[in-house]
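pasting the sequence and the predicted coordinates here, then a few questions.
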Amino acid sequence: FLAATPPDKWALYEISRRCNELISNGFGGMEPRFTCNVWINTRQEAHKLLADLTSCFQGMAYSDGSTIIAVQDAPRDPAYLFTNANVTKGDFRYEGTSAKARHTVALVAWNDPADLYRRKVEYVEDTAGIARYGVIETEVLAFACTSRGQAHRVGKWLLLSELMQTETISFSTGAEGALVRPGDLIKIADARRAGVRMGGRVKAAAGAVLTVDLAPSTAPGSQLYVVAPDRAIPRREIVSVIGTQITLTVPFSPMPTAQCGWLISSAAVEAQTARVLTVTEEDGGHSIIALQHEPDKFPAVEQGMVLQPRAISALNPMPGTPTGMALSEQTYLFQSTTRTKLNVRWTAVPHAVRYRVEWRYADGNFQAAETTAPDFDVMDAEPGHYEVRLTAINAAGLPSATSAAASYTVTGYDPLTDPAQQVNITVLGSATIA
């Protein structure tokens, strides 16, 4: 049952501002990020209609008991910090999605105004996902969509969300749970998963010096977040850490109070970001379920930015980009036939347990293989230009942030230039052929 009360207009105002921003339509022009073009002339179930309408801007709607609130999957600041210090028994529970639920191809249905609004299908694929999981199709309806560019963005957003946001995080907390609601972003510092202490409670604050409950594991240049008295989540850069005292570049204003939460995120180990799905009251507190959130997926959808894996644990250090890659060609004998192979060698990368080698001949498709040794042979190489990419992978299956790349032109085997095939030749005479 939905009460006859107006929805939260301020939430809708924030959503409308994002929807009206002009972005590239993919065809050389600009268009609003989201538009809704629909004529509703039939009676429908209210919850279904609300779900359809909010899907236009990649959102959802829920009731807080008195009004309808719309939320959108969009960049925003975190609403709260959760660490082992303010979670029941310090316990975060993780659950991953099935590989079959990670689609790699989306068939997006939309209505084409240039063809009398007939339904068309926009094909969207994720090549990296296809290489890892194969072709797993899903069909999706872009409700009230009359733009091919918007339909394509819907497909990319769906694929990246399923491929990058693969975990749900559940935990129980006390009164803090009442301060978040579905759709909010939260920062999580789980020492058991990160392998280092990154969060806790503030004991005292004086100027630019913060005294915390236990000494953190971090380095200068890291970012420190706190829960301010006004419920904002400001952050400051760390200058130094001496025991439990953290010196910041700039003092907080207003100053954090004792027992408020703090959290550190650094380049070496980032704090996890999650979007709240549900908040349920329970005896003495609240139970929260959140979904892993990848904030860089928005520029990846709209600007084609390449997503890089995040280092959220020191237990499985991220491997660096391979260096010292060298390419050369060699000959080998196969069934009495001399053939050419392209040899790829590189310097072993710390924390890498295997390497993914990708290569292509001329302008063909890339082929891939994995090896545990710091060298690889492309057998039976044809004469011509080759491009090679190399990625290091750690024990957790996480790849290096960037790949090394090189190219080489194979000349191929020529028996006339092979010294082993040359014999002594004596010229007996000469003649001129007219």
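Here it is on my side, so go on. Please read all numbers here as calculations on a predicted model, not as lab measurements.

residues touching Ala362, list them.
By CB atoms under 8 Å, 6 or more residues apart in numbering, the contact list for Ala362 reads Gly384, His385. C-betas here are computed from N, CA, C, even on glycine.

what of Cys19?
Pro32, Arg33, Phe34, Thr35, Phe57.

put the buried members of the residues you listed into a ChimeraX selection.
Restricted to buried positions by 16 or more other CB atoms under 10 Å, the ChimeraX selection for the contacts of Cys19 reads:
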select :33,34,57
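
tell me the one of the contacts of Cys19 nearest Ala131?
Nearest to Ala131, judged by CB to CB, of the contacts of Cys19 is Arg33 at 29.3 Å.

right, and that closest one touches Ile23 too?
Yes: Arg33 sits in contact with Ile23 when judged by CB atoms under 8 Å, with a separation of 5.3 Å.

picking up where we left off before, okay, the contacts of Cys19 in CSV with secondary structure and pLDDT next?
CSV is the format used below for these (DSSP: H, G, I helix; E, B strand; the rest coil; pLDDT from 0 to 100):
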residue, secondary structure, pLDDT
Pro32, strand, 97
Arg33, coil, 97
Phe34, coil, 97
Thr35, coil, 96
Phe57, coil, 95
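
picking that back up, mutual contacts of Arg33 and Ile23, please.
What both Arg33 and Ile23 touch, as defined by CB under 8 Å, 6+ apart, is the set Glu302.

ends of stretch 201-220, how far apart?
From its first residue to its last, stretch 201-220 covers 20 Å (CA to CA, to the nearest Å).

what's it in contact with?
Contacts to stretch 201-220, defined as CB under 8 Å, 6+ apart, come from residues 85-86, 196-200, 224, 226, 238-241, 243-252, 255-262, 264, 266, 268, 314.

circling back: nearest to Ala401, of the contacts of Cys19?
Arg33 (28.4 Å).

let me see the contact set for the closest one.
Taking CB under 8 Å, 6+ apart as the contact definition, Arg33 lies against Arg18, Cys19, Asn20, Glu21, Leu22, Ile23, Gln150, Glu302.

quick one: distance of the worst-scoring helix or strand of the chain on mean pLDDT to the chain centre.
Least confident helix or strand, the chain: helix 127-133 with a mean of 86, by mean pLDDT, DSSP states H and E. A distance of 14 Å separates the centroid of the chain from that of helix 127-133, by CA atoms, centre = their mean, to the nearest Å.

so which bits of that helix are buried?
Gly129.

same for that helix, what does it pack against?
helix 148-164 (3 or more CB pairs under 8 Å, 6 or more residues apart in numbering; DSSP states H and E).

where does Ser16 sit, in terms of helix or strand?
Assigned by DSSP states H and E, Ser16 falls within helix 9-20.

list the pairing partners of the helix or strand that that helix is followed by within its sheet, with orientation.
With elements assigned by DSSP H and E, the helix or strand that comes after helix 9-20 is strand 22-24. The strands beside strand 22-24 in its sheet (DSSP bridges) come out as strand 30-32 (antiparallel).

what lies in contact with the strand it pairs with?
With contact meaning CB under 8 Å, 6+ apart, strand 30-32 is reached by Cys19, Asn20, Glu21, Leu22, Ile23, Ser24, Asn25, Ser147, Gly149, Gln150.

give me the distance between that strand and the centre of its chain.
25 Å.

ok, now stretch 82-98?
21 Å.

mean confidence for that stretch?
Mean pLDDT, stretch 82-98: 94.

buried ones in that stretch, by neighbour count?
In stretch 82-98, residues buried by neighbour count (16+ other CB under 10 Å) are Phe82, Thr83, Asn84, Ala85, Asn86, Val87, Phe92.

so which of those residues sit within strands?
Of these, the ones assigned to strands by DSSP state E are Phe82, Thr83.

got TSV for the buried residues of stretch 82-98, with distance to His286 too?
Formatted as TSV, the buried residues of stretch 82-98 follow (distance: CB to CB, whole Å):
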residue	distance to His286
Phe82	11
Thr83	16
Asn84	17
Ala85	16
Asn86	11
Val87	11
Phe92	15
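
enumerate every residue touching Ala189.
Contacts of Ala189 by CB under 8 Å, 6+ apart are Leu81, Phe82, Thr83, Asn84, Met198, Gly199, Leu263, Ile264, Ser265, Ala271, Gln272.
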